[in-house]
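Peer 1: starting from these lines, generate the structure:
(one chain, ligands or ions: 1)
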Amino acid sequence: MTKYDVVVIGAGAAGLSAGALLAKEGKSVLVCEKGPYLGGRALAVEDQGYKINIGGHLIEDGGSGLTKIFEHVGKKLIHGEVSAEMPVWDHEKGKWGSIRDRYATDKTELKKVIKALVNTSWEELDQWDDRNLRDWLTQHTSDQGVIDLFEFLAVLECLTDQPWDHSASDNLFVRKMHYEERRMAAYSFWPGQGWAQLWQDLADACTENGGEVRLNTAVSRAIIEDRKVKGVAIPQQAGILRNEISEEEIIETECIISTLPVWNVLDVIPEDELPDWYSAQIRHLAQDKFRVAWLGLYIATDEPVHLYNPRELSTWVKDPVAGLPGFFFTQSNMDPSSAPEGKHLHVMGGVIPGSKGRDKKYVRETFDKFEEGMGIMHPALQKPLWKRRTLVFDPAFGVIQKPYLVGQFRPHWRAPNIDGLYFASETFKSRGIGVDRAARAALTCVEDYLGGRLPGFEETWRY
Ligand SMILES: Cc1cc2nc3c(=O)[nH]c(=O)nc-3n(C[C@H](O)[C@H](O)[C@H](O)COP(=O)(O)OP(=O)(O)OC[C@H]3O[C@@H](n4cnc5c(N)ncnc54)[C@H](O)[C@@H]3O)c2cc1C
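Peer 2: The predicted structure is shown next:
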């Protein structure tokens, strides 16, 4: 029987970060991934000459999270340029404008709010898990422009469907990080090495330090005995019988780091080993209505489409036909290799309530409207050379960052009653956005397992 110090389940941002960090610390580590690709939800695939980054667009790390993990394991995460110019569609006037026109803030008020935020400790922000962003803002300003700007940025980062219903703590953590690390309200970048290479770099960091990454290797169950982790089971080649119970390879370990999101973690971790209240927390967060869902549209054109800068991210609170909040950018301007020569690949999304994700009629009809709206905002999109529609729901972007669904209201990263079982997922207790949040969740678990902070990460906030 093979034995490892740690088995990591999943090779997405969290699993690869955990694997690379543990291997660097000299632990024997095996990362098991059920799919054929690295990157999990943020994988990159090719389709008729177009490279689509299904679940990864921009990375929101000022430098202390995923970027630092790369540095620590001897790799470099390249921060590709994204234009500071952000066109915003004005749905009342039916035209584009710049974010500066749309959110005309009183500069003195804005500076006052930023100062208050920077002077608020991470621990104080933790106290805001049950309240919304607007409550925090109105304690510091009555300027509607400042309130609108903060809420707009929160819609954009967390893709919340209702702008007034953002968690204060989760959003202010990210805003504080960006102000402190980058001196700007919102910072994001395109990975200079491309999304597929990004994950390969982390996998290489793991294997170069003696770790192993196995693709096409699904863990069917965690083996737990007497409240201790004993190993994982990996079914052998599935037979031809439906629902066949196949032979299993047993891998011994005293530590499992699961990176499975709340929606499917209980398929692998036996629920009856967990306390009822803890699995109830998981099931509560896994409800459809708490999924961050959207309609993803990829359109290629002959003509370039942008307003002020080819590398801009443009956004809106309501598109002209479906009335959905959303975003648009031209991926081939970020990474020219993502489209055939002379073609332009555009990525756009319209956020829908998670509760609508299973309603096929709603999805189809809303897609038609959304696409029509995109054609009004950018007429060149009315003549697509190539297009793909994807529903982002299963898996979702994440669990919605609303009050009572973040921070202390999420299941802890350490199983409360089982030695050696960790949950490094951005859907569990964690802070940040997307892949950076997943990487920070991994850092939290790795440090907890190792029993101390890793050198160089003293200033990095995680949970
Ligand atoms: C369409 C879309 C767009 C997004 N855009 C962005 C963005 O622009 N920026 C950003 O930062 N984030 C974005 N995100 C969010 C980001 O993709 C996720 O937050 C992040 O990838 C989560 O990483 P993870 O490692 O926690 O989980 P996952 O990526 O979900 O990794 C879990 C892994 O476990 C594997 N697995 C499942 N079951 C098993 C099993 N039984 N055995 C072994 N392996 C198993 C899965 O195949 C998967 O690879 C987006 C997400 C989506 C869906």
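
Peer 1: which residues sit against the helix-or-strand element of the chain with minimal mean pLDDT?
Peer 2: Within the chain, no helix or strand scores below helix 99-102, which has a mean of 75 by mean pLDDT, DSSP states H and E. Residues from elsewhere that reach helix 99-102, judged by Cβ atoms under 8 Å, 6 or more residues apart in numbering: 86-88, 90, 152. Where you see a C-beta, it was placed from the backbone N, CA and C, and this is true even at glycine.

Peer 1: and those, which of them are in helices?
Peer 2: Counting by DSSP state H, these place Phe152 in helices.

Peer 1: tell me the one among the contacts of helix 99-102 nearest to Lys369.
Peer 2: The closest of the contacts of helix 99-102 to Lys369 turns out to be Asp90 (Cβ to Cβ; 19.0 Å).

Peer 1: which parts of this structure sit against the ligand?
Peer 2: Contact residues (Cβ under 6 Å from any ligand atom) of the chain with the ligand: 9-15, 32-35, 40-42, 54-60, 218-219, 259-261, 268, 296, 392, 395, 397-398, 425-426, 433-436, 438.

Peer 1: nearest to Leu21, of the contacts of helix 99-102?
Peer 2: Scanning those for proximity to Leu21, where the rule is Cβ to Cβ, the winner is Met86, at 33.9 Å.

Peer 1: could you point out which element follows the least confident helix or strand of the chain?
Peer 2: Next along the chain after helix 99-102, taking DSSP states H and E as the criterion, comes helix 107-118.

Peer 1: would you mark the buried spots in that next one?
Peer 2: 109-110, 113-114, 117 (16 or more other Cβ atoms under 10 Å).

Peer 1: ok, Phe165 - contacts?
Peer 2: If you look again at residue 165, you'll see it is Asp, not Phe. For Asp165, the contact set (Cβ under 8 Å, 6+ apart) comprises 132, 402-403.

Peer 1: ok so it is a strand residue?
Peer 2: No: Asp165 is assigned coil when assessed by DSSP: H, G, I helix; E, B strand; the rest coil, not a strand.

Peer 1: where's it relative to Tyr362, distance?
Peer 2: 21 Å (Cβ to Cβ, to the nearest Å).

Peer 1: repeat for Arg389
Peer 2: Between Arg389 and Tyr362 the distance is 14 Å, computed by Cβ to Cβ.

Peer 1: and what of Met86?
Peer 2: To Tyr362, Met86 is 30 Å away according to Cβ to Cβ.

Peer 1: for Ala13, what are its contacts?
Peer 2: 39-40, 42, 66, 199, 434-436, 438-439, 442.

Peer 1: close enough to count as contact, Pro320 and Asp90?
Peer 2: No: using Cβ atoms under 8 Å, Pro320 makes no contact with Asp90, being 10.4 Å away.

Peer 1: Throw the buried residues of helix 107-118 into JSON lines and include pLDDT, thanks.
Peer 2: Listed next are those as JSON lines, based on pLDDT from 0 to 100:
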{"residue": "Glu109", "pLDDT": "91"}
{"residue": "Leu110", "pLDDT": "91"}
{"residue": "Val113", "pLDDT": "95"}
{"residue": "Ile114", "pLDDT": "93"}
{"residue": "Leu117", "pLDDT": "96"}
